[in-house]
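**Student:** Sequence plus the predicted model coming up.
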Amino acid sequence: FPVFVVLIAHYDLSPNIWLSPLMILGTQWYILFNVIAGASAFPSDLKEAARSFHIEGWRWLFKVILPGIFPYYVTGAITASGGSWNA
């Protein structure tokens, strides 16, 4: 990131535009790793219950897995906002 900041300052580019991608690249990892943790911590008994009720496809995605991962996404978004502030 320091190299990009030096280039932005040297060429007198607008920081409001050119630093936003750096902030996004720096904060996407918080969300990604929290969602991965949520998917790996998803209870197997809920998977088995969905399988026994024959919930498949899009219904499984929207009714089972996304509500299970959503708290981890929110946690990742909150930490990403703090990371963006630090960036």
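**Tutor:** Perfect, I can see it now.

**Student:** C-alpha only now, for contacts and for neighbours.
**Tutor:** OK.

**Student:** I'd guessed residue 23 sits against residue 86; true?
**Tutor:** No: counting by CA atoms under 8 Å, residue 23 stays clear of residue 86, with 9.1 Å between them.

**Student:** Point out where the protein drops to low pLDDT.
**Tutor:** 87 (pLDDT under 70).

**Student:** hang on, the earlier thing: of residue 23 and residue 86, which one has the most company?
**Tutor:** Taking neighbours as other CA atoms under 10 Å, residue 23 and residue 86 compare with residue 23 leading, 18 against 10.

**Student:** Enumerate every residue touching residue 24.
**Tutor:** residue 84 (CA atoms under 8 Å, 6 or more residues apart in numbering).

**Student:** element containing it, please.
**Tutor:** helix 20-40 (DSSP states H and E).

**Student:** And the nearest residue to residue 42 once chain neighbours are set aside, its phi and psi?
**Tutor:** Of all residues not flanking residue 42 in the chain, residue 68 sits nearest, at 6.6 Å (CA to CA, 6 or more residues apart in numbering). Backbone torsions for residue 68, taken as degrees, to the nearest 10, come to phi -70, psi -30.

**Student:** check contacts around residue 68.
**Tutor:** 38-39, 42.
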